[in-house]
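K.L.:
Sequence plus the predicted model coming up.
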Amino acid sequence: MMIRHSTTLLLTALAANVPRYSAGFIGNSGSFLSRSMPSFMNSRQVCKMSSSSVEYLAVHVFVSVKEGTEDAFKEASFANARASAKEEGIARFDVIQQIDDPTKFVLVEVYKNDEAPALHKETAHYSTWRETVADMMAEPRSAIKYKSLFPATEAGWDYGEATLE
């Protein structure tokens with residue numbers, strides 16, 4: 001993983017089950033600079049994290065499926081995406097569908113390092129997906145690789161403990 005060190009952030013959880021955070025920078029005095037720190041917060045709810053910048057590999061896979069196979073493609077792709085999002089080398093795995101042509105999809109795959117795409121293609125869930133959707137393809141898939149720019153930190157890509165539906 002390519003990491004550049006930058007400023008340290010403090011993230012404070014506002015509630016145990018609510019995915020909202022209050023962030024502030026540590027000032028020269030070492031104090032937390034935030035206007036929104038609620039009075040009910042205590043030191044156990046504050047965690048120190050590095051805001052190390054990352055450059056992840058984002059791959060957009062363009063898919064056209066045969067008309068009438070959209071639902072089956074989504075079902076297979078959702079199963080693959082859920083399993084893929086749990087892989088160590090994957091920061092994000094989205095399935096999106098074109099609004100004006102429901103036979104068009106983009107798989108947005110964000111990898112944490114250069115080895116992750118090859119490791120992903122070795123998984124059982126990818127193999128199952130590839131075999132399941134092969135006859136649904138209206139044309140061969142194509143892909144374009146990008147360098148991620150934002151979010152710029154690992155925390156910005158983290159799904160956390162969320163259930164992916």
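P.N.:
Happy to help now that I have it.
K.L.:
Provide a complete list of residue ranges assigned to strands in this structure.
P.N.:
Per DSSP state E, the chain carries strands over the ranges 3-4, 8-15, 18-26, 32-33, 46-50, 53-54, 57-64, 90-97, 104-111, 142-147.
K.L.:
list the helices and strands the longest helix seen in the chain packs on?
P.N.:
Counting residues, the longest helix found in the chain (DSSP state H) is helix 70-84. Contacts defined by 3 or more CB pairs under 8 Å, 6 or more residues apart in numbering; DSSP states H and E place helix 70-84 against strand 90-97, strand 104-111, helix 124-133. In short, each C-beta sits where N, CA and C put it, glycine included.
K.L.:
mind checking which of the ones you listed is nearest Ile144?
P.N.:
strand 104-111 (9.8 Å; CB to CB).
K.L.:
Note down every partner strand of that closest one and its orientation.
P.N.:
strand 57-64 (antiparallel), strand 90-97 (antiparallel) (DSSP bridges).
K.L.:
Tell me which of those strands sits nearest to Tyr126.
P.N.:
Short answer: strand 90-97, nearest of the strands paired with strand 104-111 by CB to CB, at 10.6 Å.
K.L.:
Show residues contacting that closest one.
P.N.:
Here strand 90-97 makes contact (CB atoms under 8 Å, 6 or more residues apart in numbering) with 56, 70, 74, 77-78, 80-81, 84-85, 104-112, 116, 120, 154, 157-159.
K.L.:
who's Asp94 bridged to?
P.N.:
Beta bridges link Asp94 to Val108, judged by DSSP bridges.
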